[in-house]
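> predicted model follows, preceded by the sequence.
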Amino acid sequence: MDLGIFCKSTLDGEVVDHCFSSLLGIGQNADPSYLDWLMKAWGWTLAVAGLGLIISLLLGAVMGTLRTLPADTRLNRFLVRLSTTWVELFRNIPILVQVFLWYHVIPAFILPLKALPSYLLVSLALGFFTSARIAEQVRAGIQSLPSGQRAAATALGLNTFQSYRYVILPMALRIVIPPLTSESMNLIKNSSVAFAVSVPELTLFAMQAQEETSHGVEIYLAVTILYALSAFAINRAMALIEKRSRIPGFIVSNNEVAAH
Amino acid sequence: MIELKDVSKWYGDFQVLTDCTTRINKGEVVVICGPSGSGKSTLIKTVNALEPFQKGEITVDGIQLHDPKTNLPKLRARVGMVFQHFELFPHLSITENLTLAQIKVLGRSVDEAKTHGLKYLERVGLIAQKDKFPGQLSGGQQQRVAIARALSMDPIVMLFDEPTSALDPEMVGEVLDVMVKLANEGMTMCCVTHEMGFARKVSNRVIFMDQGRIIEDCTKEEFFGNPDARSLRAKDFLSKILAG
Amino acid sequence: MIELKDVSKWYGDFQVLTDCTTRINKGEVVVICGPSGSGKSTLIKTVNALEPFQKGEITVDGIQLHDPKTNLPKLRARVGMVFQHFELFPHLSITENLTLAQIKVLGRSVDEAKTHGLKYLERVGLIAQKDKFPGQLSGGQQQRVAIARALSMDPIVMLFDEPTSALDPEMVGEVLDVMVKLANEGMTMCCVTHEMGFARKVSNRVIFMDQGRIIEDCTKEEFFGNPDARSLRAKDFLSKILAG
Amino acid sequence: MLSLDLSFYNWELFTSYILKGLLFSVQLTVIATVGGIVFGTFLALMRLSGKPSMVYPATIYVNTMRSIPLVMVILWFFLLIPMLIGRPIGADLSATITFIAFEGAFFSEIVRAGIQSVPRGQGYAAEALGMTYGQNMRFVVLPQAFRNMIPVFMTQTIILFQDTSLVYAIGAYDLLKGFEIAGKNYGRPIETYILAAFTYFIICFSLSKIVRRVQAKVAIIR
Amino acid sequence: IDANAASQTLDKIKSSGAVTMGVRESSIPMSYTTGDSRFDGYHVEICRMILGDIKDKLGMSTLRINYQPVTSQNRVPLVQNGTVDIECGTTTNNVNRAKDVGFAYTLYVEEVRIAVKANSGITSISQLAGKKVATTTGTTSVQLLRKHEKANGVNFEEVYGKDHADSFLLLESGRADAFVMDGSILAGNIANSKNPKDYKIVGEVLSTEPIAIMVRKDDPEFKAAVDAAITKIVANGNMPKLWNKWFLSPIPPKNIVVGLALSPATKNAWANLNDKPAEDYNKK
Ligand SMILES: Nc1ncnc2c1ncn2[C@@H]1O[C@H](COP(=O)(O)OP(=O)(O)OP(=O)(O)O)[C@@H](O)[C@H]1O
Ligand SMILES: Nc1ncnc2c1ncn2[C@@H]1O[C@H](COP(=O)(O)OP(=O)(O)OP(=O)(O)O)[C@@H](O)[C@H]1O
Ligand SMILES: [Mg+2]
Ligand SMILES: [Mg+2]
C-alpha cells in the first residue's frame, strides 16, 4: 500500500510539491496530481448522479402517480397506458445499453442532441432508467394506502387532482422514502456507467489511473470509498427528510425491498 | 330525498346488487343490516357515487346520479359519509382534516372553515384534541372526528358504513352516543350497522339485505316487533346477532 | 394448575405488567377482561412462555417457566392457545394444519395424527372442510379449526386471546358455542374476551385488568352480582361494554 | 438523419457472435441467482439470528456490497483479488463469483423482508403448538416467506440479467459484448446498439410478464 | 534452450498441455476476433508460430491454445497474476510496465498519429487547438496527449472512448475532430469503417513506441524461449511475408485492406532485435 501515489504528477509520475496543487491553486503552473484528478472525477460523478436524481425523482413521481389514476375517463386511460409503457420501456433495457442509445444512437437521428455534452446525455439516461423504477415504488406506495383514503377524499367532494394533491400523494411519498433511498443510492452507483461514454468520472479515473500508475489497490480503494461515501450521504439526507416528514402518532411499517 | 330504483351492479361477472329499490325521506333514520358480503357497503357507496352502477336510477335531492351532466364532486360534498376505518387523513392535524374539503370544495376561507369545523369538533366533544394528529387519538375519538368532518360540510344526509365495527368494545358507546344525538336533532341518516340497540333506539326503518338483494324493508316496529313475519334468512341472522 | 406470582414485564422502559398474581385451578374457566392496552394479551402470552417476563414466577402444571432447564417447546405443546386472528397456516390444508404439530412435536405417526385431528374437526362441525385451505373458509370456520388444532395436541389447559373479536358479528355465535361446549366438558380455560354473555354463562372467575395490573379477581357472581363493590375503573368499563 | 441498414444482421452473424454471448449471460444469470439465493438466505438468517457475532459481520457485508457500484466490485474481484491471494482467476469464473457475492447481498435483503412479511402471529402460533425455532422456520415461516418472495426473486433475476452487461469491464463475452463485436467488425455500431436494446427489451419484458403470471399463481389465499 | 530450466510457465505448459494466449477483440490487424471464438492477426499469428516452436522444443505432440480476450485495462494484471501466459495484443513496452511484466523482442514499432475526417483540413497537431480529441481510456495515448498539451501550450478537449472502436465512433459521429492513437489501430478502424475514404491519417509522429508480446516478469526462462523463437522466425525471413499478409492484403472477416506501409522504424527493429522500452526510442 503506497498512498504517496496520489501526490504524484499525472504528467511524469514525479512527486509534486502540493498534493492539491492545481485544485487549490497553490503552486501556480504546478502539475496536477492524481489526487487533483480524483477529486475532479468525484465532482463529475456527483454532478452526473445529482442531475440524474432530479430528473428521475420528478419523472418517477409523475409516472408512478399516473399509473394509479382511476380508469374512468378516456384521458385517464390514455395516461395510464402512457405511464405503463414508459415504465416497461425504461426498466427492461440495461442501463449501459440505454447510455449507448442516448449517446450514440439517438443523436444520430435527432441531430440537435449532438450538441449536448455527454454528461447531460448520461444524466438523461440515468434519470429515465431510474424514473421507471421510482415510478414502480411510487405506484406501490399509493396502492399500499388503504382504499378508504381515496374513497374518503372523494366522498368529501374533492376531485381526482385534489385527492392526489392533498390526500394521496402526501402520504404515499412519505411511505416510499425508504425504497427511494435505495433507488437514489443505486443511481449514484449506476452513474459509473458514464465512463463508457467518456464522462471523466470516478470509474474512468480508476481504469486510467491504475493503468498509468500500476497501483490498482490504492486507486480502487480510494474510488470505492468515494462511491460509498456518496451513497452514504444520500442515505443520511433521505433519513433526515424522513425524520422531518414524520407524522406524530403514525407508524409506517415498510418491508419494501429495493433492488439495485 | 334519496331514491333508488332497480339499482343493479356487477363486478365483472359477479352481480353484487340486484334490483335494489328503496327511498329515504327527509329526517328519516334508516338502518341497513345483513350478512357479510351481502352488498351493504356497495349499496351505500353507489348512493354517494363512489361506485358506478350499471342499471337503474338513483336520485339524490332531485339530482339524477347517472346523468353524465351531474357534477359528482359537488353532489358528494352534500352527502356526508363515515367509514368503518375512519379514514382520517393521517398527515393532517385534526383541524386540517376538518377544514381541507371546506376550503378546497366549498371554497370557504381558512378562518370560516376553521370556525365552522371546530364548532362540530366541539359538538363531538373533542375540541381539546384539535391540534393533534389522527394517529394520536383512540379509535373512538378518530371516528367522532370523522363524523365532525362530514358534518362540517353541512350535508343534507349522512351515510354511515359500519362506523363502530372497527372499534374496541369500550369505545363503541361514545360513537353511538354521537350518532343518537344527531338522529334526535333530525339529521337524515342511513347507517349500515349491526348495533341492534341503536336500530331499536333511533331508526325509523330497517332494511335487510342478502346476496345483493333488499329482502326486508320495513319500519322498526315491524322488524323487531313481529319476528314471525320476517323472512327465514333475516330471522336466522337476527338470532345470531342478538345471541352474542 | 397455573400459578402466577408477582409477574412483571417491561418493553424497554415501558412496564406492561405490574406484579400480577393469580391462579387457575383444574377445570376452572377464567375470563380476563379490561380496556385495550391493559396487558391482557401480554399476560396470557407469558403463561405460554411466548413472551419472556423479567420478574416473578409462573408455574404451569408444576413446572417453573423461568427455570432455564425447562423444555419450553414441550411445555407449550401441553398448553393450547387460540389467537384473535386464528393464525392457521395458510399454506397448509386444514388436515395438515391439524396434524403438523402432532407429527413434528408429539412424534405421532401421520395416520394417528390424522385420525386424532379429524376427530376434533368433527367435534367443531367442520369435517366436510378437511381438504380445503384456510383462505377458503369464513372467519368463524377458521377460528373453529384453530380450536380443533389446539385441542388435537391434548392440552391440559386452553388459552384464548379475544377469539371472537376479529369475527363478523353473525359468526361470533358459532365460535362461542364451541367454547361453551368445551367448558361444559370440564376443560380448564383462560379466555381474554369481552363477550360478557359467555362470561356469565360458563366462567367461574373474572379477572379485570387495567394498565398492566390485575385490579379485580373474583367469582362471576361477585363480579356481575354486586356491581357496587367493583372498582370505579371496572364499573366504568362494564357500563361501556354492556351498553353496546 | 441517418439511414439504418440492418441487412448485415443475419443468422450467421447471430450464431457466430451473439449466441455465445447470450449463452454466457443466461448461464451467469442462472448460476448467480441460485448461488445468490443460497448465500443470501444464509446472510439473512445470520442477520435475523439476534446474535451480535452473526448480525454484525452479515450486516457490514450486505451494506458494503450495497454501496459499491457493481462495476467496481467486478473490477475488484477480477484484478485485485488474484493479486492478493496470488492465484490466477479467469474472467468467466471471476464474473460468476462476483455476481454470487454481490447478488447474495441483495437476495439476503429480499429473504429478510420475506421472513418479516410473515405475520408475527404465525410464529407465535407455531411456537404455541410446541414447535422449536428450527421447526417453526422450516414448516411455517420459510414456506410462506419463499412463496411471498418468488415474484421478487424473479424481478431481481431480471435485473441480474441486465447487470450481466457490466462484465464488459473485465472482457468477459456476454450478450452485449457479442453485439458490440459484431457491430464493430461489420462497421455498424449504431444499428447493433438498437438491436441490442431490442433484444434485451424482448427478453426482460417477456420475463416480467411471466413474473406477473407466477405472482398470481403462487399468492397464498388468506 | 534448456527445457528443464525452472520455468513455471514452461512447466505449466508441459504438464497441462495447454497455454493461454491473451488476445484483443478488435485491434485490427494486430489482434482481433473473426467471430465464434476465433482470433487472428499479425501478433496472434506470430504468437502461434512462437508457441509451435516452444511445443517442439518441449517435445510435445500437441499444444492446446486457449484464447483469453483482454482489454487495455486488464492486460497487465492478467499477465501478472498468471491468467494469461503470453499476451499478443498491442501493448506498448515502456519502463513503467516493465516493472510489472516482461516484454519479448519488438517486432512492430508503432507510431502514434492522428486520424481525422478527410474533409476537415487538419494536417497537424497544432491545428487541434480548441478542438475535441478522442482517445481510448486505459492507453498510453491519454498521458501522451496530456503531456503534449502541456509542453506545446495547445489546449484541446479530450474525449474518451471505452475501447478503440468506440473512440473511432466518436470521430465518425462528429463527437470528436481527431482520434489520436497508434497508427495501426487508426488504419484498421478506417479500413473497417463504412466509407474508408472519408478519413485519413495525418500529422507528425507524436511518439514512437515499441509494441511487444508480453510475458510474465518473474519467468526469464520463458521469455528467453519466446525471444529465441522470434529470432528464428526473423532469421527465416518470415517477417516481410507476414507484414504483407496482415497490412497490405485483404484480411478476414470482411476482406478489407488495412494499407499501412512498412515503416523504417519497424524494419530497423527486425534488423536489430531488442526489447528496449519506449523511453529509449523517444530519447534523442
Ligand atoms: N372491488 C371489488 N371487486 C370485486 N368484488 C367486490 C369488490 N368489492 C366488493 N366485492 C364483492 O361484493 C360483495 C359485496 O361486498 P360489500 O363490501 O358491499 O359487502 P358488505 O355487505 O358491506 O359486507 P361486510 O359486512 O363484510 O362489509 C362481496 O361478495 C364482495 O366480495
Ligand atoms: N412488542 C411490543 N413492544 C412494545 N410495546 C408493546 C409490545 N407489545 C405490546 N406492547 C404494549 O403493551 C401494552 C399491552 O399490550 P397488550 O397487547 O397486552 O394489551 P391488550 O390488553 O391485549 O390490548 P387489546 O385489547 O388491544 O388486545 C400496550 O400498551 C402495547 O402498546
Ligand atoms: Mg361493508
Ligand atoms: Mg390483546
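Looks like it came in fine. Ligands and ions are numbered 1, 2, ... in the order given.
> contacts, neighbours, all on C-alpha from now
OK.
> ok, the closest residue to chain B within the stretch 51-200 of chain A - contacts?
In the stretch 51-200 of chain A, no residue comes nearer to chain B than A:Gly157, which is 4.2 Å away by C-alpha to the nearest C-alpha. Neighbour list for A:Gly157: B:Leu72, B:Pro73, B:Lys74, B:Leu75, B:Arg76, B:Ala77, B:Ala101, B:Val105 [criterion: C-alpha atoms under 8 Å, 6 or more residues apart in numbering or on different chains].
> tell me how many other residues crowd the last one.
As a burial measure, B:Val105 scores 18 neighbours (other C-alpha atoms under 10 Å in any protein chain shown).
> so which bits of the stretch 51-200 of chain A are right by chain E?
A:His104, A:Ala108, A:Lys114, A:Phe195, A:Ala196, A:Val197, A:Ser198, A:Val199, A:Pro200 (C-alpha under 8 Å from any C-alpha of the partner chain).
> and the fourth one, backbone torsions?
Spelled out, it's A:Phe195. Torsion angles at A:Phe195 (phi, psi; degrees, to the nearest 10) stand at phi -60, psi -30.
> these two touch, right, it and A:Ala206?
No - using C-alpha atoms under 8 Å, A:Phe195 is not in contact with A:Ala206; the gap is 10.0 Å.
> so for these two, which sits in the more crowded spot?
Between A:Phe195 and A:Ala206, A:Ala206 has the larger neighbour count (other C-alpha under 10 Å), namely 27 against 23.
> what number of residues are in the vicinity of E:Pro196?
E:Pro196: 17 neighbours (other C-alpha under 10 Å).
> cool, B:Arg23 as well?
When counting by other C-alpha under 10 Å, one arrives at 16 neighbours for B:Arg23.
> likewise for the one 4 residues further on?
Burial of B:Gly27, expressed as a neighbour count using other C-alpha under 10 Å, amounts to 17.
> SS state for it?
coil (DSSP: H, G, I helix; E, B strand; the rest coil).
> now do B:Leu50
B:Leu50 carries the three-state label coil when classified by three-state DSSP.
> surely it touches A:Ala153?
No - using C-alpha under 8 Å as the test, B:Leu50 is too far from A:Ala153 to be in contact (10.3 Å).
> now the common contact residues for these two.
With C-alpha under 8 Å, 6+ apart as the test, B:Leu50 and A:Ala153 reach no residue in common.
> now do the phi/psi pair for the nearest residue to D:Leu176 once chain neighbours are set aside.
Nearest non-adjacent residue to D:Leu176, counting by C-alpha to C-alpha, 6 or more residues apart in numbering or on different chains: D:Ser165, 5.8 Å away. Main-chain dihedrals, D:Ser165, degrees, to the nearest 10: phi -60, psi -20.
> so how many other residues sit close to D:Ser165?
Other residues close to D:Ser165 by other C-alpha under 10 Å number 21.
> any weak-confidence spans in the stretch 1-150 of chain A?
Per-residue confidence for the stretch 1-150 of chain A (pLDDT under 70) gives these ranges: A:1, A:12-13, A:17-31.
> quick revisit: quick one: which of the contacts of A:Gly157 is most hemmed in?
Taking other C-alpha under 10 Å as the neighbour criterion, B:Ala101 ranks highest of the contacts of A:Gly157 with 27 neighbours.
> just confirm it is within a helix.
Yes - assessed by three-state DSSP, B:Ala101 belongs to a helix.
> and it, what does it touch?
Contacts of B:Ala101 (C-alpha under 8 Å, 6+ apart): A:Leu156, A:Gly157, A:Leu158, B:Met153.
> any part of stretch D:98-105 near chain A?
No - using C-alpha under 8 Å from any C-alpha, stretch D:98-105 never reaches chain A; the gap is at least 9.5 Å.
> what average pLDDT does that stretch get?
The average pLDDT for stretch D:98-105 rounds to 93.
> CA atoms of it as CSV?
In CSV, the C-alpha atoms belonging to stretch D:98-105 read as follows (Å, rounded to 0.1, in the frame of the first residue of the first chain):
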residue,chain,number,x,y,z
THR,D,98,-18.5,-11.7,-8.2
PHE,D,99,-22.2,-12.0,-9.1
ILE,D,100,-22.9,-14.6,-6.4
ALA,D,101,-21.1,-12.4,-3.8
PHE,D,102,-22.8,-9.2,-5.0
GLU,D,103,-26.3,-10.5,-5.6
GLY,D,104,-26.2,-12.5,-2.4
ALA,D,105,-26.3,-9.2,-0.6
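> what residues of it count as buried?
Residues D:Thr98, D:Phe99, D:Ile100, D:Ala101, D:Phe102, D:Glu103, D:Gly104, D:Ala105 are the ones in stretch D:98-105 that count as buried (16 or more other C-alpha atoms under 10 Å in any protein chain shown).
> pretty sure the third one contacts D:Val30?
No - under the criterion of C-alpha under 8 Å, D:Ile100 makes no contact with D:Val30, lying 10.2 Å away.
> and the helices in the chain?
Here I'm looking at chain A. Per DSSP state H, chain A carries helices over the ranges A:21-24, A:34-67, A:74-91, A:95-100, A:106-109, A:118-144, A:147-155, A:160-162, A:169-175, A:177-190, A:202-213, A:216-244.
> hmm, no, I was thinking of chain E.
For chain E, applying DSSP H gives helices covering E:8-16, E:42-57, E:75-80, E:95-98, E:140-152, E:164-172, E:183-192, E:220-235, E:239-243, E:264-271, E:278-282.
> need the contact list for the closest residue to D:Gly35 other than its chain neighbours.
Once flanking residues are discounted, D:Gly35 sits nearest to D:Ile100: 5.5 Å by C-alpha to C-alpha, 6+ apart. By C-alpha under 8 Å, 6+ apart, the contact list for D:Ile100 reads D:Ile31, D:Ala32, D:Thr33, D:Gly35, D:Gly36, D:Phe39.
> mind checking which helix or strand D:Ile100 is in?
Element membership for D:Ile100, per DSSP states H and E: helix D:91-117.
> and that helix, what's buried?
By neighbour count on 16+ other C-alpha under 10 Å, the buried set for helix D:91-117 is D:91-92, D:94-115, D:117.
> what's the answer for stretch D:45-62, then?
D:Leu45, D:Met46, D:Arg47, D:Val55, D:Ala58, D:Thr59, D:Val62.
> and stretch D:71-79, C-alpha only, in CSV?
Backbone C-alpha positions of stretch D:71-79 (Å, rounded to 0.1, in the frame of the first residue of the first chain) are rendered in CSV as follows:
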residue,chain,number,x,y,z
VAL,D,71,-18.6,-2.4,-11.9
MET,D,72,-16.2,-1.6,-9.1
VAL,D,73,-17.0,-4.9,-7.4
ILE,D,74,-16.4,-6.7,-10.7
LEU,D,75,-13.0,-4.9,-11.1
TRP,D,76,-12.0,-5.6,-7.5
PHE,D,77,-12.6,-9.2,-7.8
PHE,D,78,-11.1,-9.6,-11.2
LEU,D,79,-8.0,-7.5,-10.9
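> distance of E:Met30 relative to E:Tyr42?
Using C-alpha to C-alpha, to the nearest Å, E:Met30 is found at 5 Å from E:Tyr42.
> intersection of neighbour lists for those two?
The contact sets of E:Met30 and E:Tyr42 overlap at E:Trp246 (C-alpha under 8 Å, 6+ apart).
> which residue does the stretch 151-284 of chain E bring closest to chain C?
Nearest residue of the stretch 151-284 of chain E to chain C, counting by C-alpha to the nearest C-alpha: E:Lys162, 51.6 Å away.
> got it, and chain A?
The nearest approach of chain A to chain C comes at A:Gly249, 15.7 Å away (C-alpha to the nearest C-alpha).
> ok, the residue lying closest to that residue once chain neighbours are set aside - how many residues close by?
Leaving aside its chain neighbours, A:Gly249 sits nearest to B:Gly135 (4.1 Å; criterion: C-alpha to C-alpha, 6+ apart). Using other C-alpha under 10 Å, B:Gly135 has 18 neighbouring residues.
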